[in-house]
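A.B. asks: sequence unavailable; structure follows:
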C-alpha cells in the first residue's frame, strides 16, 4: 500500500474481484442452509415415527457425540487461524495450521462413520423406521459435506505446497474456511436438535 | 485504507472459540446432569444453540464485517425467511394433518359429505 500509485488500481480491482467471489460463495452457503432446513424439517416431522423400534434416546451416546462436536469446533477454530496465517503470507505456518483442522476433520468423520456402522450392525439402519431414515439423511448429508471439505482441504494443501501462497490460493483458502465454519454452524443444530433434544424426549 | 490489521487479528477467533466451547459444554452438562425440568431444558438448550449460532456467524463467518451495501446480510435474512417458512410451516402442517386425519374425524368428514348431497 506504500508503493507507487500504479499498483494501487489493480489492487483495488483485485479486492473488488475478491469481494464478488466471496459474495457468490456466501450465496451458495445460504442456499445450502435451505437444503439443510428441508432435512431438519423432515427430521422434526418424522422424529416420533420409530415404527416400534428404538428412539434417539435408546441409540445415541451423548459422550460420544460431544467428542465429535468438540473435534469439529476445534477444527473450525484452527481453520480460521490457518487463513490468518495465509493472509500474512506465512506458508509454513499456513500448512501446519491447515493440517490440524484436516486431522480433526478426519477424526470427526471416522467417529461419525463408526457410529453409523454400529447402528447398521445392530439392525438400526435407515430401513428400520422413518425416524432412522430422516436421521441418516440429515446427518449423512452433513457428513458428505465434511468429506467434500476434507478433499478440498487436501487439494488446497497440495496447491500451497507446490505454488505457494499466491493471490488465487489465498482466496480459495478463505472460501474453504467459510465452508468449514458453515459446516460447524450446521453441526450445532444437529447436536442440539438430534442428539440433545433426542436425549430428553 | 483497508482495515487489514483488524482483519488479521486472531482475537475474534479466540473469543468465538471460547464462547462456543462454553455454550456447547453448558448445553451438554445441563442435559447430562438434569439441571432443570424438561420444558426449561428445551428452552435453555435452544437459547444456547442460538447464542452459539450468532457467535460463530459474527466471529467466524464475519457476517457484520461488510463495507458498503450489506448484500451478505440481506441474503442472510432472506435465507432465514425461507428457512422459517420451511421448518415452521412443515411442522405446523404435519402436526395438524395428523390431527385432522384421525380415523374418527375422517368418517365424520365423509358422513357430512354424504348429507350434503
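C.D. replies: Sure thing, it's come through. These numbers were taken from a predicted model, which means no experiment stands behind them. Numbers count the residues shown, from 1 in each chain, chains lettered A, B, ... in the order given.

A.B. asks: just the buried residues of the strand or helix carrying residue A:178, please?
C.D. replies: Element membership for residue A:178, per DSSP states H and E: helix A:167-189. Neighbour-count burial for helix A:167-189 flags A:169-189 (criterion: 16 or more other CB atoms under 10 Å in any protein chain shown). Placement of C-beta: from N, CA and C, glycine included.

A.B. asks: keep only those that also lie close to chain B.
C.D. replies: Counting by CB under 8 Å from any CB of the partner chain, A:178, A:181-182, A:184-185, A:188-189 from these sit close to chain B.

A.B. asks: show me what contacts residue A:91?
C.D. replies: A:160, A:164-165 (CB atoms under 8 Å, 6 or more residues apart in numbering or on different chains).

A.B. asks: show me where the chain dips below the pLDDT cut-off.
C.D. replies: Defaulting to chain A. A:1-9 (pLDDT under 70).

A.B. asks: switch to chain B, that's the one I care about
C.D. replies: If you take pLDDT under 70 as the line, chain B has these spans: B:1-7, B:98-102, B:105, B:113-117.

A.B. asks: quick check: domain ranges of it?
C.D. replies: B:1-65, B:67-117 (automatic domain parsing).

A.B. asks: is the last one positioned near chain A?
C.D. replies: When you say that, I think you mean domain B:67-117. Yes - Domain B:67-117 reaches chain A (CB under 8 Å from any CB) through B:71-72, B:75-76, B:78-79, B:82-83, B:86-87, B:90-91, B:94.

A.B. asks: closest to chain B out of the ones next to chain B among the buried residues of helix A:167-189?
C.D. replies: residue A:181 (4.1 Å; CB to the nearest CB).

A.B. asks: OK, contacts around the residue nearest to the closest one when sequence neighbours are not counted?
C.D. replies: Leaving aside its chain neighbours, residue A:181 sits nearest to residue B:60 (4.1 Å; criterion: CB to CB, 6 or more residues apart in numbering or on different chains). By CB under 8 Å, 6+ apart, the contact list for residue B:60 reads A:76-77, A:80, A:181, A:184-185, B:13, B:16.

A.B. asks: let me have those in JSON lines, adding distance to residue A:132 as columns.
C.D. replies: Converted to JSON lines, the contacts of residue B:60 look like this (distance: CB to CB, whole Å):
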{"residue": "A:76", "distance to residue A:132": "28"}
{"residue": "A:77", "distance to residue A:132": "32"}
{"residue": "A:80", "distance to residue A:132": "35"}
{"residue": "A:181", "distance to residue A:132": "29"}
{"residue": "A:184", "distance to residue A:132": "25"}
{"residue": "A:185", "distance to residue A:132": "25"}
{"residue": "B:13", "distance to residue A:132": "37"}
{"residue": "B:16", "distance to residue A:132": "34"}
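
A.B. asks: quick one: which two of these are the most distant?
C.D. replies: Using CB to CB, the two most remote members of the contacts of residue B:60 are A:185 and B:13, lying 14.5 Å apart.

A.B. asks: the spatially most central residue of chain B in helix, strand or coil?
C.D. replies: Geometric centre of chain B, nearest residue: residue B:50, 6.3 Å, by CA atoms, centre = their mean. The three-state label given to residue B:50 by DSSP: H, G, I helix; E, B strand; the rest coil is helix.

A.B. asks: distance of it from residue A:104?
C.D. replies: Distance, residue B:50 to residue A:104, using CB to CB, to the nearest Å: 25 Å.

A.B. asks: same thing with residue B:27?
C.D. replies: 20 Å.

A.B. asks: list the buried ones in the biggest helix by length in chain B?
C.D. replies: In terms of residue count, the longest helix belonging to chain B (DSSP state H) is helix B:71-100. By neighbour count on 16+ other CB under 10 Å, the buried set for helix B:71-100 is B:72, B:75-76, B:79, B:82-83, B:86-87, B:90.

A.B. asks: let's have those in CSV, adding distance to residue B:66.
C.D. replies: What follows is those, written out as CSV (distance: CB to CB, whole Å):
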residue, distance to residue B:66
B:72, 5
B:75, 11
B:76, 10
B:79, 16
B:82, 21
B:83, 21
B:86, 26
B:87, 27
B:90, 32
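
A.B. asks: nearest to residue B:20, of those?
C.D. replies: Out of these, the member with the shortest distance to residue B:20 (by CB to CB) is residue B:76, at 18.9 Å.
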